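> Here's my sequence, what's the structure:
(2 chains)
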Amino acid sequence: MAEIIQEEKAGGKKKAKKHNPHIDMTPMVDLMCLLITFFMLTSAMSKPKIMEINLPERLKDKSIDPPKIVASRTHNLILGPNNKIYWYTGTVKPEDYNNLPPLTELDFSTGPNGLRQMLLERNRALFKKIEDFKNQVITGKLVMSQDSVLKSISKLKTDDDTGPIVLIKAYKKATYGNFVDILDEMNICGIARYTFVDIAFYENTMVEHAAGIASTAPATTPNNK
Amino acid sequence: MPKIKLPTKSPHIDMTPMVDLFSVMLTFLMLTATMNKTEPAPVVTPSSISEKKTPDANTMTLLLSKDDKVYLNFDNGPDTLLKYRPKILTEMGKRYNIDFTEKELRDFEKYPSSMGVPITKMKEFLDTKDLKIRTALQTGIPIDSTDNQLSDWIFCTRTVNPNVQACILGDTKTGFEIVKKVLDIMADKNVFKFNLITTLEAAKINLADIQK
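Model (predicted):
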């Protein structure tokens, strides 16, 4: 009997201590808000992208001539000061040093005086081929994996034999931003063959003359007309 | 008529679903976040249409700042067992007859961002904890032809880790002279393939514009 009484007592105690099962979550929510804000501000959501570039290898054996390219397809693009690009076609032979070809000025805009316009005009055939191919893939006429799409595009580029061959050179006052922009422009316009080469001394003079900078080259170096 | 007694409602709102939601968001952010790296010099990267992602591992990043300084960083990715960074520093120390202690090597391994400290000042740099002194020591890695430490760094990195890829992180306004110098140094060490770090920007071309 005594036991039963005790049990009753215990039951009564429980009833008296019964309280609301809810816990106040407000501080926890506050804390979480803070943490979320912190992570959102400190984390870099988009990873930076990369652009690959292959520079021509140095010729170890001086007796081997560098590969020959067609002069009429050669476009020399020189990065100049003040975000300008100067370009001319063909090559300059040693006997022409007194009569250097004139330079045309371009900028990085997409307008009529822009680099993109000039490149696309010259590379229209290849660019159209690539665009058509891409359209076919997008509309579903051609079904293939991403890898083979890229392969086919690079095959279109290697097969191309009419587009310009672009030699990119940089005058010393150019910036790294210009360099990346011009390489980017090559990718946008689907130029098949381009490379970055050292600037020649006469090209330095040509740029200085075109941009109206006092020449840093020896006075004997001829100016262009 | 007896008044209807409305049950007194507790003013508390049940926050449990909110907490649940926040927990999920927090977990997501913590797992996906890659911390913004703090670099010794502010860099605004140029934009391009390239959609290739930066490699996570086996990279050496050359930071070319606006004021023509060169900083260097190595990353062997999440796999820290290989311990490339201390190995590279030991190799560098051998070339310049500097002995680095265990502690200095560990500090070098843990250093989070790029470094532009000449190798002769490296010991001093690693021993101090003072940020001001550290910043003052970051004078850029010498790349003169008489004291070409960058080329030694590249050589050591490539001996320790032959799979390393060169990344270039340059500011839009960095002068081209310094870029050219660095590219030449790399070419001397037979590195011809570069990854230029850029931000993504879409480019649109209207075919009709060029159909003249």
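> what ranges do the strands span in the chain?
This is for chain A. Counting by DSSP state E, the segments of chain A that form strands are A:49-54, A:74-79, A:84-89, A:104-107, A:165-170, A:193-196.
> wait, I meant chain B there
Secondary structure of chain B (DSSP E): strands located at B:47-48, B:52-53, B:59-64, B:70-75, B:165-170, B:193-200.
> do the first one and chain A meet?
Put plainly, it is strand B:47-48. Yes. Interface with chain A: strand B:47-48 contributes B:Ser47, B:Ser48 (Cβ under 8 Å from any Cβ of the partner chain). To be clear about C-beta, it is placed using only N, CA and C from the backbone, and glycine gets the same treatment.
> Starting from that strand, tell me which strands it pairs with and how they run.
The strands beside strand B:47-48 in its sheet (DSSP bridges) come out as strand B:193-200 (parallel).
> For the strand it pairs with, give me every contacting residue.
For strand B:193-200, the external contacting residues (Cβ atoms under 8 Å, 6 or more residues apart in numbering or on different chains) are A:46, A:48-55, A:180, A:183-184, B:45-52, B:54-55, B:59, B:61, B:165-170, B:183, B:186.
> which stretches of chain B aren't confidently modelled?
Within chain B, the segments meeting pLDDT under 70 span B:1, B:9-10, B:12, B:35-37, B:79-80, B:204-212.
> Quick check: the spatially most central residue of chain A vs A:Gly163, distance?
Computing the C-alpha centroid of chain A and ranking residues by Cα atoms, centre = their mean puts A:Asp184 first, at 4.0 Å. Per Cβ to Cβ, to the nearest Å, A:Asp184 is found 17 Å from A:Gly163.
> ok, B:Gly175 - contacts?
Contacts for B:Gly175 were tallied using Cβ under 8 Å, 6+ apart; they are A:Lys172, A:Lys173, A:Ala174, A:Thr175, A:Tyr176, B:Asp68.
> Just the buried ones from the contacts of strand B:193-200?
Buried subset of the contacts of strand B:193-200 (neighbour count, 16 or more other Cβ atoms under 10 Å in any protein chain shown): A:49-51, A:53, A:55, A:180, A:183-184, B:45-48, B:50, B:54, B:59, B:61, B:165-170, B:183, B:186.
> So which elements touch the longest helix out of those in chain B?
Criterion DSSP state H: the longest helix present in chain B is helix B:16-32. Here helix B:16-32 touches helix A:26-42, going by 3 or more Cβ pairs under 8 Å, 6 or more residues apart in numbering or on different chains; DSSP states H and E.
> List the buried residues of the helix it packs on.
Residues of helix A:26-42 classed as buried by neighbour count (16+ other Cβ under 10 Å): A:Met28, A:Met32, A:Ile36, A:Phe39.
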